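Engineer: Give the three-dimensional model of this entry:
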Amino acid sequence: MSTQTLAPEKDVQDRATAFPAPKYPRVFGVGRDRFVQWAVLVVVALFVVAPIAPILYQSIRSKPLYDSTGAFTLDSYVKLFAEDGFGQVILNTAIFAVLTTFLTLVFAIPMAILVVRTKLPFGRLLAASMQWPFFISSLLLGFGWITLYGPAGFVSVEVQRWIGFVPWDLYSIPGMALTEAVGLAPIAYVFCANALRKSDASLESAAQVCGSGPLRIVFQVIVPLLRPPIVYASVLIFSMSIETLSVPLLYGTPVRIEVFSTFLYTHGLQSIRPDYGVLASASTIILAVTISTVALQAKVLKDAQRFVSVRGKATRPRRLDLGWLKWVATVLIVIYVVFGAALPILALVLRSFTLIFTPLQSPFKTLTLTNYQTVFTYQSYIQSIWNSVIVALVGAVLVSALALIAVVVAKRSSFRFARLVEYLSLAPQAIPGIIVGIGFFWAFAILPGGNLVQGTLFAIIIAFGLRALPTAFGSISPALMQIAGELDNAGRVVGADWVGVFMRILRKLLVPAFAGAMLLVFVTMLKEYSAALFLSSASTNVIGTTMLELWVQGNSGSVAALATIQIAITAVVVGLANLLMKEKTDA
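Structural biologist: You can find the predicted model right below:
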């Protein structure tokens, strides 16, 4: 009896001797796990704190940071809340942000479920077209919407001719929210679609066995499992709605509807003597609101195990058959794509080839290449195109890689500051692009060697990368949350450490999410411009800043030409990326 008991123990000892646990190198006296985790925390902290610290410091200073005679005071906060009409600004911003978030989710969630989980005619084409609005900036989308749906727009004129009046008001908070929602819906769509493509179909199969129909499966099985991407998308979109400038500037300024971003723009860039204290205190308030939102997000997603749908077994998602409803769903998606994105983009492209673009005259009577000749005649305009491509490509790789490691540290490590890594990665969404530019401008002026970075493309990559980090983090995080922890445990059983589990298991499973994050970051950084207003020089302008200069000058034709070039670049990069991913999948 004793012999039978000891034999297995001896066998285990022999195996341990024959196959000893691997010894991993130590870095600076600590294991490589902790070294990587601490390194990620330090990099993300420096990345985020660099522009935030000067802003917080400026908010309690009586004079600009470069003036050493300033004293500590809270007068900036008092002045901010005493500002005439600031209460209405807060109310307008809240209504605009909530309505934008709601409309975005109304567009994105059903479309993601329909395209990924149901049998739709032309499903692949619809899936690709859902991302079109994200390819252009809100400034250009707003310009296209004004051209079509504004008081004197092409569609508005025709509708008024048919029924005698225009049933919508683009220059209103609902009009602003609708336009912004169309531009932001692809973000929530990508989050939800990525999660659905990785989810296990066994739950749906079980529901079908129990007699549930397609609609009941959608509402009681699929939608509850989408809570992580929905929450992440909601937080990101809400924050982006608070700080967005383009659409509120185009729609709100003519009718004196002021939101937080236009308030900052008016008291910052448009002011002869900007009040940096008011700008800094206002940005601090946004940061506090966003931190509270992220804390609420963490509470909602506290029990992450409920959303695990990818485990250590092969699964194949099954598409639900909606019957005749699939045609209704297809028509609704087509309406969104055509009227929300395709027609405004077409109007923008057509504007780039015309001298005058008005419903009072056929645009085909004034066709010309003058707008493109203007763009390609001036070296500064050409250089801005190259600068945007370089910034977007380099930033897409670096920011997505940082976000991937940060997500794994935050969600799949025993690092005691894991939650702090998550908060720091999401915090940049609290700072408007204008304030990011101001913050880094001050940071580069204060930090040793910062003058070597100021005015270079590297400075713009840092600022734009900070703006894109929450997007990349939010894109990858839901995919990781759906990968069961038992895969990590399996790797640990065979002797792999935390880095080994990431390199051999999680890294491969997260490739689709990483590729999606790179595309999102590329598009985000290609169309970003606000932070560059304070960081770029004459030789480092990007497409956005150049378009803004032309827009202020009233040269809408050249703006449309640059916008068309930007859309073409994005389409080529996205097309090549999809082709490479398809070839890799087929292989």
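Engineer: rest of the way, CA atoms for contacts and neighbours
Structural biologist: Will do.
Engineer: any low-confidence regions in the stretch 401-550 of the chain?
Structural biologist: Applying pLDDT under 70 to the stretch 401-550 of the chain flags residues 430, 484-501, 504.
Engineer: where along it do the strands fall?
Structural biologist: In the stretch 401-550 of the chain, no strands are found when defined by DSSP state E, counting those that start in this stretch.
Engineer: distance of the spatially most central residue of the chain from Ala403?
Structural biologist: A centroid search over the chain (C-alpha atoms, centre = their mean) returns Thr471, at 3.5 Å, as the residue closest to the centre. Distance, Thr471 to Ala403, using C-alpha to C-alpha, to the nearest Å: 9 Å.
Engineer: try Arg273
Structural biologist: Applying C-alpha to C-alpha, the value for Arg273 to Ala403 is 38 Å.
Engineer: So these two - more neighbours on which side?
Structural biologist: Residue environment comparison for Arg273 versus Ala403 gives the larger neighbour count to Ala403, 27 against 9, counting by other C-alpha atoms under 10 Å.
Engineer: mind listing what that one touches?
Structural biologist: Applying C-alpha atoms under 8 Å, 6 or more residues apart in numbering to Ala403 gives the contacts 425, 469, 472-473, 476.
Engineer: Can you add neighbour count and give those back as JSON lines?
Structural biologist: Compiled in JSON lines, the contacts of Ala403 are given as follows (neighbours: other C-alpha atoms under 10 Å):
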{"residue": "Ser425", "neighbour count": "28"}
{"residue": "Leu469", "neighbour count": "29"}
{"residue": "Ala472", "neighbour count": "30"}
{"residue": "Phe473", "neighbour count": "26"}
{"residue": "Ile476", "neighbour count": "30"}
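Engineer: Pick out the most distant pair among the residues you listed.
Structural biologist: Maximum pairwise distance in those, criterion C-alpha to C-alpha, is 12.0 Å, between Ser425 and Ile476.
Engineer: Tell me which entries of the contacts of Ala403 lie within helices.
Structural biologist: Taking DSSP state H, the ones among these that sit in helices are 425, 469, 472-473, 476.
Engineer: Out of those residues, flag the one nearest to Ala532.
Structural biologist: Among the ones in helices among the contacts of Ala403, Leu469 lies closest to Ala532 (C-alpha to C-alpha), at 16.5 Å.
Engineer: so how far is Ala459 from that closest one?
Structural biologist: With the distance defined as C-alpha to C-alpha, Leu469 ends up 15 Å from Ala459.
Engineer: and what of Leu426?
Structural biologist: Using C-alpha to C-alpha, Leu426 is found at 20 Å from Ala459.
Engineer: contacting residues around the residue nearest to the centre of the chain?
Structural biologist: Thr471 neighbours (C-alpha under 8 Å, 6+ apart): 236, 517, 520-521.
Engineer: Any quick ChimeraX command for the buried ones out of these?
Structural biologist: The command below creates a ChimeraX selection of those among the contacts of Thr471 that count as buried (16 or more other C-alpha atoms under 10 Å):
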select :236,517,520,521
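Engineer: ok so, going back, closest one of the ones in helices among the contacts of Ala403 to Leu178?
Structural biologist: Compare each of the ones in helices among the contacts of Ala403 with Leu178 using C-alpha to C-alpha and the shortest gap goes to Ala472, at 24.4 Å.
Engineer: Tell me which residues touch the closest one, please.
Structural biologist: The contact partners of Ala472, by C-alpha under 8 Å, 6+ apart, come to 399-400, 403-404, 517-518, 520-521.
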